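Engineer: what follows is a predicted protein model with its sequence.
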Amino acid sequence: MKGLLRRVSGLMLGVISVLGADAAVAASPRPAGNPRTVQLSEVQRAFYQTAFEQEVLRTYTAARLSLTGLRPDVYRQALLGYYNLQQHGSAAAGAPLTIIDFNLPSRQKRLWVIDVRQNRLLHHTLVAHGKNTGEDLARTFSNRNGSEMSSLGFYVTGQPYTGKHGLSLKLHGMDDDYNSHAADRAVVVHGADYVSEAFVRQHGRLGRSQGCPALPVTEAPRIIRAIQAGSVVFAHAPQNVSYASAWLTLDSALYGFARAKGLQGVG
C-alpha cells in the first residue's frame, strides 16, 4: 500500500499536461443511454480520483458557491455527470454546467449556471417546477407524457428557437428511467411571468409549468444563450426521492475528467 501511495504521489507531480483543441459535439447529442464502459486500474483510479476530488473542492471554493446555497455534494454529483457526458460524446467540452436543486423550495433561487473552466458563477436564479410536482416544494416527478411533472436527471441542451414563450431552448433527456421523453413532452427552457420575486411575495411560491424549467422573463434569454448547444443540465432530486443514474458512474467520469484535464501517462 505504501508503494502504491508513493507511486500515486509521484505521478501527481509529473503527469499533468494540457490537451489541444476541444472536441466538438454534434448538433443533436447521442440518445439517452449509459456512459462508455471504462475499467481503470487501481493506480489510475487512485490518481484520477485524488485529482478529481481536489478539483471539486478547488472550483467550488473559487466560484464561491457555498455563499449561494449550492451544497458541495450536489455540485460533485453534477460534475460526475458532466464529465461522463463529455466522455460519452454527448456534451461539449468546456461548456457551462447548469444545476437545478429540487431539494430547495421554489421561492428560493435554486438554479445555477457555472463556468467550470473559469471557476465563475454566471447565473443564479429562480426556476419553476411542474404543476403536478408540488406546490412550493417539488415532491413528485415523472417521465410520462401528459404528467405535467418535472423530470429529474441529466440533460444536454439543444438549439434555441422562438416559440409561444419567446426565446426557448430544447432539452435532450439523457437518463432513460427519468427524463428520456423530455423532447416528446416539449420540456424546454423558457421564460414565464409566474417566475419572479413579485409572484413569490404575492403567493408564497412560484407559479408552476407543465414540466418545463421556466425562468424569470428578464433573465431567460441571457441564460439560454449561455447554455445552448451541448451544455449539461442536472436536475437534482430531493432527499426523499430515489434517483440512481448511470451518469454518476465513477470510473467513466474519472476517465472523462482525466482526458479533459490532460492527465496522461498513468497505468
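Structural biologist: All right, it came through fine. Keep in mind the model is a prediction, meaning the values are calculated, not measured. Numbering: from 1, shown residues only.
Engineer: which non-adjacent residue is nearest Asp193?
Structural biologist: Nearest non-adjacent residue to Asp193, counting by Cβ to Cβ, 6 or more residues apart in numbering: Val217, 6.1 Å away. For the C-beta atoms, the positions are set from N, CA and C on the backbone; glycine is no exception.
Engineer: wait, what's in contact with that neighbour?
Structural biologist: Under the criterion of Cβ atoms under 8 Å, 6 or more residues apart in numbering, the neighbours of Val217 are 166, 191-193, 195-196.
Engineer: do the same with Ala51
Structural biologist: By Cβ under 8 Å, 6+ apart, the contact set of Ala51 is 12, 257-258, 261, 263.
Engineer: put the alpha carbons of the helix or strand it falls within into CSV.
Structural biologist: According to DSSP states H and E, Ala51 maps onto helix 42-62. What follows is helix 42-62, C-alpha atoms only, in CSV (Å, rounded to 0.1, in the frame of the first residue of the first chain):
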residue,chain,number,x,y,z
GLU,A,42,-6.1,0.6,-9.1
VAL,A,43,-3.3,3.2,-9.7
GLN,A,44,-5.3,5.1,-12.3
ARG,A,45,-8.4,5.2,-10.1
ALA,A,46,-6.4,6.5,-7.1
PHE,A,47,-4.6,9.1,-9.1
TYR,A,48,-7.6,10.3,-11.0
GLN,A,49,-9.9,10.4,-8.0
THR,A,50,-7.5,12.3,-5.9
ALA,A,51,-7.2,14.9,-8.7
PHE,A,52,-10.9,15.0,-9.2
GLU,A,53,-11.8,15.5,-5.5
GLN,A,54,-9.2,18.3,-5.3
GLU,A,55,-10.7,19.9,-8.4
VAL,A,56,-14.2,19.7,-6.9
LEU,A,57,-13.1,21.5,-3.7
ARG,A,58,-11.0,24.0,-5.6
THR,A,59,-13.6,25.0,-8.1
TYR,A,60,-16.4,25.1,-5.5
THR,A,61,-14.3,27.4,-3.4
ALA,A,62,-13.1,29.6,-6.2
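Engineer: low pLDDT regions in the chain?
Structural biologist: 1-33, 264-267 (pLDDT under 70).
Engineer: try it again with 90
Structural biologist: Across the chain, the ranges flagged by pLDDT under 90 are 1-39, 263-267.
Engineer: which residues of it fall in strands?
Structural biologist: Per DSSP state E, the chain carries strands over the ranges 97-101, 111-115, 120-125, 153-163, 166-173, 188-192, 214-216, 232-236.
Engineer: would CSV of those strands with distance to Ser90 and mean neighbour count be doable?
Structural biologist: Formatted as CSV, these follow (distance: least, Cβ to Cβ, whole Å; neighbours: other Cβ atoms under 10 Å):
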stretch, distance to Ser90, mean neighbour count
strand 97-101, 14, 24
strand 111-115, 19, 23
strand 120-125, 21, 17
strand 153-163, 5, 20
strand 166-173, 8, 21
strand 188-192, 17, 23
strand 214-216, 23, 25
strand 232-236, 9, 27
